[in-house]
Structure formats: C-alpha cells, structure tokens
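Undergrad: would you be able to build a 3D model of this:
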Amino acid sequence: MITNNSFEVKRYDFNPNVFYELQNFHSAKDLWPIVYILSDGSIKVAYVGETTDTYARLTSHLSNSTKNQLSIVHLITSEKFNKSATLDIESNLIKYISGDGQYKLLNGNLGLANHNYYQKKEVYWDIFKSIWQKLRAEGIAKNAIEQIDNSDLFKYSPYKSLSFDQRNGLLKILKGLLDKDFENIVIEGGAGTGKTILAIFLFKLLNTKNEDFNFKEFGDEEDEFIETIIKLKERYPNPKMALVIPMTSFRSTIQKVFKNIKDLNANMVIGPTKLADDHYDIIVVDESHRLRRRVNLGSYYRDFDITCSKLGLDKKSCSELEWVTQQSDKAILFYDENQSVKPSDVKKEDFDKLKSYPSTKIDYLSSQFRVKGGNGYVRYVDNLLNCQIDPHEKIYNSKEYEFLLFDAIEEMINEIKLRDSKNGLSRLIAGFSWPWISNKKKNRDKINNLYDIKIESAQLKWNSVPIDFINSPNAINEVGCIHTTQGYDLNYAGIIFGNEITYDKVKNQIVIIRENYHDKNGKITIHDPAVLKDFIINIYKTIMLRGIKGTYVYVCDKNLREYFARHIDKFQTKEIINYPPKVSAIQFENSVPVFDLRAAAGSFSELQNVNMNELDWVQLPAQYKTAKDLFACTVLGESMNKVIPNGSICLFRKYTGGSRNGKIVLVEHTNIQDPDFGSGYTVKEYWSKKNIDADQWTHESIILKPLSNDSGYTDIVITEDELSYVQVIGIFECVL
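TA: Got it, this is the predicted structure:
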C-alpha cells in the first residue's frame, strides 16, 4: 500500500481471490470513483480504466480472455475524486504510460477525457504528478513526466484527445472508407495541424478490437461517429494497411513509435519502394507532398526505376503518387502544397489532377496544434516571407510564443543551448546556404577540424547523422536542415537565414541568389527563378513552424535582416554567462542480492564498507525475472519520499550505458572516500547538461534532483571538477 494525504494506491494480485482482499477497501464497496491499472511485468502489457463499480468491472476483466492474462491490479482512489477527475486521471495515465514505453497498453484510443472541470489545473494535475511518482516506485512507470513530454513516443502516441477539427476530419475519412464511390481521400493541412497524429490514430482505431474501445465520453450527439466506426470494423475486420512516409529519417522515428503501440508494428510503416511488394486495402501517406517523381533523384534513380518496372509503369512519366493509387483499394493522402521543398517532389498539378477526380474526396485541417502561437503566428510568417505585411500592422507579439530576431549569431546559439538545458528539444536549423564539406569521404580524416558553416566568429557543422538528427547526442552542437527536421516537433527552433536569400528594398520582395544555394538536387533542373524561390520560401516557412514554444531568427544578409527587423521583435541582450566547458553475486532462481550500501535518499550517505562475502538475498516480485544485472539495497532518508519511502528496499538494474536523464539512479561519489569505510552513495533523479565539441561530448554538470514532499531538500549539483568522482551504479526499477 502506498499513501499520502490526497490519494491512496493499493496493489493486489489480479485473480478471483482479489474480491476477498477488497472487503476492507471502502472505495470499492461504496461505489466510489476509482482509477485502476491492470498489468503484467513479464509480458509488459497493461490496461488503464476507471469505474464507480470496482467489483463489476474487475469481474468483467477476469472473464476477458486477454485481460485475465494480467497478474497485478493497482487501485487508485482519493476523497477528492469525482467522475470528471477520474476520467481525467485515467486519460493522463493512458497517455503517459504509453509515452513512457515500459508497457504496451491494451486500451483503445477513443473517448479520452479532455474536458475542463473544477480545479483541474489547480488541484488534480498535482495529484496526478504524485500518483505518477508512486507508480515509478511500483515499477509501472520509469521516466519523469518532463522527459516523456519531449519523447517522440509521447508526441505521436495515438492515445490523444482529438480536437473538434481532427474529429470532424476523422469522421469524413471513415465515411470515405465506407463509401464505394471514393478511392482516394486527400486531407489538406499546414504544418502543425496534426496530420501525423490523425494518421497514427486511424491505424490504432482500425487495428484494435471494438471491445477495447472506450465510448463513454461520446454522448448521444456522437451516435453517428460510433455507428460509422462499427460499420467500418465490419467492413475491415483485419485490414491490410500501410503508412507510407517518404522521408527516411521521419519514417524511422514513426517506425519506433509503432513498435511500442499494442496492435501496431514497425512493418506497417514503409517507404514508397515497398509498395511494389504487395497490394493493400488501405494506404495512408503522411507528408505526401514529399512523394517523388523522376527528377534530381541522385542515388535513388536505380530504386525508382526498379519499382516502376515491378509495377508495370513508365518510369519517365509516373511518380510515387501513382504507386500509391495503383497499390491500394483506398488511399488517404495528408497533403500540404506549401511543404513541397524540392523539384523531385510530385508536382502540385498532379495532386490537383487527382483532387479533380469524382472518386477523390477532399477535406481540410485548419487548427494549429504544434506552435503555441496558433494560426495567428502561422499567418504572420506566411505574410512575412511573401512580403505582404500591412505597414500599419503591429509587430507579432504573444504571451504564448517567443518570436525574436537576433543581431548576433553567438547570442542565438547560446539562447538555444539555454532553452535546451531547461526545456529540451531546442535545435539550430538553417537554409542550405553552405556546402556539406564535413561529410565528404576525403575529409573524414580531418573531420574534427572542418566546419561547414562560418558566421561571424561562430563555426558550426551540419548534422553528422542523417537519421533522427533531432534526438542524436550531437544535435545541440550541430545544425539541421529541412531534410533532417521536416515532420519533427521542437520546443525552440533557432533558424539561420543564409546568404541564398536577400531582400529587394525597391520592389519590396524577397530575392534568391542561386549560386549561394548549395542543395544540388534542389536546383539543378530548375531554370525558372520564380520556381526556385517558391521552393526556398517553402523551406523557410516549414522550418519556422517546428518550434512549439518559440522561434528565434538570425539573418546573414544585411538587407533581409533590415526587412525582418521591421516586423520581428529584437532579442534583448542579457548578461553573458560563461558556462564552464563540458569537458557478483550468484543469483538464486527467484532472488537477488541485497548490498549493504545504505544508500541514503538525502545527501551522500555515511561512509561504510561493503562486505561482498556476507550478502542477504531478497525474493523478486513475480513480474521480474532474475538476472545478473539486478540487485537491491536499502534507501534511507526522506528526499525521495514521493517515490521511495524512508527505509525501503529497492530493486536496481546495473547501469551499462544509455541515457539516464529523467531516470532515478543509484550514484556513487568516490571522492567521499575513507580506507576503513568505503564510498558514499545517493539515490536521486538524474539530469545532466552536456557540452558537445566536434564529435566528442562531455558533461558540463550533473544535477541529482530530490523528489520529496519536504521542500527543504535541494538539488545536488556535480560540477565539472567533481565529475570524475561520480559513477552511476544502477537504474531504479521499483520498491520491493
């Protein structure tokens, strides 16, 4: 049992005997609203629900052939709970357990609560955060909420409440799939309108059993929606589906998301060439504006031609758009003509032709979900880049969004790094105004001394990895381009306008300097300057819509900088901060050793010696399999009492590498040393700041955060001169 002043969590074995154990659980007997989690640690599957009739709901689950395979039930209750609160907490648990990635959920994705109710933010969000910490103690959750918020698994999870705009679009898609007169459905929407979320939601919807869906949040007015879903599942009981994503990097990211969602798998997400291998009931194309034709394909020419041959199409006249329509009974294309950025992209005229067919249904998404500046910011950026801002219009300013122009590149770099240290996912992105010299084979031996981008005193490199650059270790010290950032969300984006783009003061128009644009495949077949300008404007517009919380801008060209300065607020120089450079026991069948480390959940523990020959052993919970990298130790103190009660025996897994940010860790500080006693230890939530120089990275500092109800505990900050004394021993699994 885990309790605090505002809620209670009780853990039971999930089997028919649970009802005897619930006899003294008043919330279950008194029809009080509760939230519950069914789980099994061996198969890593869970189900989240809420109810006012615990006995009836658990009885139903025990009779379910899928849910009765789960072994543990956690019941969460509070005197403060009401129906709205439990629906909201259930919804948050579904979203965050899915984003945490430790368990695959059996839940469907319909009916997640997203309504407002009394004290939702003031009281119940804090209760949820406390519940989450307790679930980390139980081993149900692993990562901190802040870490999950920035993860792709959370951002692209299908366990989201759809907006009215998205639900309306989804209903039209569902009806289009049922309508025999329609073969193609084109959903148009700008950057950040939620096209990818809607695509993934659709896959989850069509690949999950009806019995796992939660319809309780849909009132009588949603009868049409529910009826359509039921008919669609009858039409497609086991649909053969593919999600086509043209861009390799973004496709890799979504494959990882699908791998972690129950009923979906990574093989559902494919590149266009895979279409030649099979015919599908339904093909969904995300970022369909990036489908290609046989122009400026570079090394892709061969694969393109082979695929055309397999499909019996003329390679000189066809495009990947035809591959999609030929290989599907129904095609759903998410499209934005303003995000076409290369001449190899399928022409707008080809999409217009497809949209003109009687067999094509068209719908639109307009609400902005990515940038907190909303549609107002999107319109302002569009007018800015097309030189259509009214001279009397006020400079864009929003309390919800930072849109700032920088006079010095170093200031913008420092600000992006500061935002990354505080919020994560803050990156530099530039137009293709510099060649990628650090990537050439002949330069790899001297790569550490090569820089692609030189502006003022700053020397920078393009992204060193083409796949998932946004999440790569070097990303904060590198610069992404359109090809490695399109489709991704950032918290803050620092946009560098290169020397390929300038401004004509007399004509009040943006001008492109062709020789300064270094994307060879982006220009070699373009002879009309207006066409090249459209592509480059689309590139900058697209990357300026990556940032959720803010967009920072630096402009190389003097004339363009002066033009932007009339319409973008200037960054106010702050005090410059000079940051320091970042420079076994044999396990029994069901037991693990307990080390007498006395790891103190306060500051570093008192010094003492560990006698490896005199170890105690503790039995593992049923959901864990014994392994040589598991061990236990006692945690003393109150600084982690939100997760770990004072005096608890905790299970850890030996740390062997990988990210530690947001995880609870057992740390040894070897500088606290005494030959008679040994070293000092502590348990804390781990966060680090990194400094990346060329291909090398080092820690600038490590922050060990307490998770305590006692505000007297403060962060332990390990500075550069102490880093060599710190070693992460283990990653926290659960309280035993």
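Undergrad: low-confidence stretches in the stretch 51-200 of the chain?
TA: Along the stretch 51-200 of the chain, segments meeting pLDDT under 70 span 110-115.
Undergrad: one more: the chain?
TA: 1-5, 26-30, 110-115, 210-222, 440-449, 573-589, 596-615, 622-623, 670-679, 690-699.
Undergrad: longest helix of it?
TA: helix 83-100 (DSSP state H).
Undergrad: what are the boundaries of the strands in the stretch 151-300 of the chain?
TA: Defined through DSSP state E, counting those that start in this stretch, the strands belonging to the stretch 151-300 of the chain, from first to last, are 184-189, 241-244, 269-270, 280-285.
Undergrad: can you list the strands that the first one pairs with?
TA: Sheet neighbours of strand 184-189, with direction, are listed as strand 328-335 (parallel), strand 360-365 (parallel) (DSSP bridges).
Undergrad: how about the shortest one, which residues are buried there?
TA: With burial defined by 16 or more other CB atoms under 10 Å, the residues of strand 360-365 counted as buried are 360, 361, 363, 365. For the C-beta atoms, the positions are set from N, CA and C on the backbone; glycine is no exception.
Undergrad: which secondary structure elements does the strand or helix carrying residue 550 contact?
TA: Element membership for residue 550 (DSSP states H and E) is strand 547-555. When contacts are defined as 3 or more CB pairs under 8 Å, 6 or more residues apart in numbering; DSSP states H and E, strand 547-555 packs onto strand 402-406, helix 409-423, strand 490-497, helix 558-565.
Undergrad: quick one on the thing from earlier: got the strands paired with strand 184-189 as a markdown table, with distance to residue 523 columns?
TA: Conversion of the strands paired with strand 184-189 to a markdown table gives the following (distance: least, CB to CB, whole Å):
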| stretch | distance to residue 523 |
| --- | --- |
| strand 328-335 | 23 |
| strand 360-365 | 31 |
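Undergrad: skipping adjacent residues, who's closest to residue 290 in space?
TA: residue 246 (4.1 Å; CB to CB, 6 or more residues apart in numbering).
Undergrad: how near is that neighbour to residue 348?
TA: Distance from residue 246 to residue 348, counting by CB to CB, to the nearest Å: 16 Å.
Undergrad: with residue 274 instead?
TA: From residue 274 over to residue 348 the distance is 25 Å, taken as CB to CB.
Undergrad: quick one: contacts for residue 189?
TA: 195, 334, 335, 336, 364, 365, 366 (CB atoms under 8 Å, 6 or more residues apart in numbering).
Undergrad: residue 719 touches residue 689, doesn't it?
TA: No: with contacts counted by CB atoms under 8 Å, residue 719 stays clear of residue 689, the gap being 10.4 Å.
Undergrad: list residues touching both of the two?
TA: Any residue near both residue 719 and residue 689 by CB under 8 Å, 6+ apart counts here, and that gives residue 701.
Undergrad: settle it for me: which of the two has more neighbours?
TA: The residue with more neighbours, out of residue 719 and residue 689, is residue 689; 18 against 11, by other CB atoms under 10 Å.
Undergrad: what residues are bridge-paired with that one?
TA: For residue 689, the residues forming beta bridges with it (DSSP bridges) are residue 701.
Undergrad: do I have it right that it meets residue 718?
TA: No: at 10.5 Å, residue 689 and residue 718 do not qualify as touching, with contact defined as CB under 8 Å.
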